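Participant: predicted model and sequence below, questions to follow.
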Amino acid sequence: MSGVWRRALILDKPVEVFEPDAAARPRFGLIFLHDLDGKTLRDQPVFTRLLDVSGIACVCPFGDQTWWTDRVCLEFDPRVTAERYVLDHVAPLFVERWRLGPRAIGLLGVGMGGQGVLRLAFKYPQRFPVVVAIGPSIEYYQLYGQGTPLDAMYDSQEQCRQDTAILHLPPTNPPPHVFFAIDTDDPWLRGNDRLHEKMNALGVIHVAEFTTGKGSGWEFAEEMADSALRFVVASLETESRRLL
């Protein structure tokens with residue numbers, strides 16, 4: 001493997017950066033958003049190998065328990081939300097460092113990060129046309145009132161529910177490449193099923209995989225790694241051929 005992981009700082013916050021080959025410009029870029037455990041792709045040899053083989057530069061920011069929302073979370077930052085951090089400070093790195101534009105950058109997330117990348121892609125489909133969510137914890141409002149940072153980020157459980165990815169799905173001009181997958185034994189299954197139904201009702205093209213017996217968390221993510229990265233590469237290649 002020729003690629004390397006490095007620790008860097010963006011806005012005085014640590015990020016993990018993967019560069020597949022220092023001698024060649026990466027083909028594409030990928031932003032990875034972590035789950036509540038805070039683990040990035042640097043900790044996952046399967047994903048690292050696939051990133052290297054595919055020639056994908058990857059940046060993994062750390063978002064604490066922000067749920068990657070556009071709500072201030074004091075544990076993360078008293079002024080900057082996690083969403084604005086990704087949009088205004090992490091994403092520009094791909095242009096500055098590798099000259100990769102928006103249509104060359106995909107989103108990938110697991111669990112908390114899975115719902116985070118879906119929300120970002122739904123809110124900003126022109127910037128993020130390719131998104132992959134593995135075991136996304138879409139209905140995270142269920143955790144409101146249980147002593148997590150969500151209690152300070154939202155005024156009520158209903159306000160929290162209104163900020164979920166499902167409610168941000170645009171009825172027109174959605175991101176053209178959406179993939180999400182979850183095991184049917186995962187406790188977050190219901191939100192994925194509801195998103196699948198809503199996307200079908202709106203006629204939004206997407207790929208949804210509901211599997212059984214493959215576990216959850218990183219166990220499931222490793223099972224889906226090859227499919228996820230293949231989808232990212234194929235979708236970004238399609239985007240690179242678009243004229244408009």
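Facilitator: Thanks, I have the structure now.
Participant: when you work out contacts or count neighbours from here on, use the C-alpha atoms and nothing else.
Facilitator: OK.
Participant: quick check: residue 71 touching residue 84?
Facilitator: No. Using C-alpha atoms under 8 Å, residue 71 makes no contact with residue 84, being 9.4 Å away.
Participant: give me the more crowded residue out of these two.
Facilitator: More crowded of residue 71 and residue 84, by other C-alpha atoms under 10 Å: residue 71, with 19 against 15.
Participant: can you read off the pLDDT for that one?
Facilitator: Looking at residue 71, its pLDDT is 98.
Participant: helix, strand or coil: sort out it for me.
Facilitator: coil (DSSP: H, G, I helix; E, B strand; the rest coil).
Participant: look up how far residue 77 lies from it.
Facilitator: To residue 77, residue 71 is 10 Å away according to C-alpha to C-alpha, to the nearest Å.
Participant: tell me the helices in the chain, going along the chain?
Facilitator: Using DSSP state H, the helices of the chain run over 45-54, 82-85, 92-98, 112-123, 150-153, 157-161, 165-168, 189-202, 217-240.
Participant: which one of those helices is the most hemmed in?
Facilitator: Scoring the helices of the chain by mean neighbour count under mean count of other C-alpha atoms under 10 Å gives helix 112-123 as the most buried, with a mean of 28.
Participant: nearest approach to residue 130 belongs to which of the helices of the chain?
Facilitator: With distances scored as C-alpha to C-alpha, the stretch of those nearest to residue 130 is helix 217-240 (6.4 Å).
Participant: what is that closest one packed up against?
Facilitator: Judged by 3 or more C-alpha pairs under 8 Å, 6 or more residues apart in numbering; DSSP states H and E, helix 217-240 is in contact with helix 45-54, strand 105-110, strand 130-134, strand 177-183.
Participant: one more time with 6 Å
Facilitator: In this structure, helix 217-240 packs against no helix or strand, with contacts taken as 3 or more C-alpha pairs under 6 Å, 6 or more residues apart in numbering; DSSP states H and E.
Participant: which one of the helices of the chain lies nearest to residue 176?
Facilitator: Taking those one by one with C-alpha to C-alpha, helix 217-240 is closest: 8.7 Å.
Participant: any weak-confidence spans in this protein?
Facilitator: For the chain, the stretches with pLDDT under 70 are 1, 22-23, 243-244.
Participant: re the thing from before, make CSV from the helices of the chain and add distance to residue 61 to it.
Facilitator: Formatted as CSV, the helices of the chain follow (distance: least, C-alpha to C-alpha, whole Å):
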stretch, distance to residue 61
helix 45-54, 16
helix 82-85, 9
helix 92-98, 12
helix 112-123, 11
helix 150-153, 20
helix 157-161, 23
helix 165-168, 20
helix 189-202, 24
helix 217-240, 18
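Participant: out of the ones you listed, which comes closest to residue 106?
Facilitator: helix 217-240 (6.6 Å).
Participant: could you measure from residue 81 over to residue 72?
Facilitator: 5 Å.
Participant: again, but for residue 152
Facilitator: Counting by C-alpha to C-alpha - residue 152 and residue 72 are separated by 9 Å.
Participant: now do the shared contacts for those two.
Facilitator: Contact with both residue 152 and residue 72 is made by no residue, according to C-alpha atoms under 6 Å, 6 or more residues apart in numbering.
Participant: from residue 5, how far off is residue 21?
Facilitator: 11 Å.
Participant: not counting its neighbours along the chain, what's nearest residue 2?
Facilitator: In this structure, residue 2 finds its nearest non-sequential neighbour in residue 21, 5.8 Å apart by C-alpha to C-alpha, 6 or more residues apart in numbering.
Participant: and that neighbour, how many neighbours?
Facilitator: 17.
Participant: before we move on, what about the one 4 residues further on?
Facilitator: Taking other C-alpha under 10 Å as the criterion, the count of residues near residue 25 is 16.
Participant: what separates the closest residue to it other than its chain neighbours from residue 19, distance-wise?
Facilitator: Using C-alpha to C-alpha, 6+ apart and skipping the chain neighbours, the partner closest in space to residue 25 is residue 98 (6.4 Å). According to C-alpha to C-alpha, residue 98 stands 10 Å off from residue 19.
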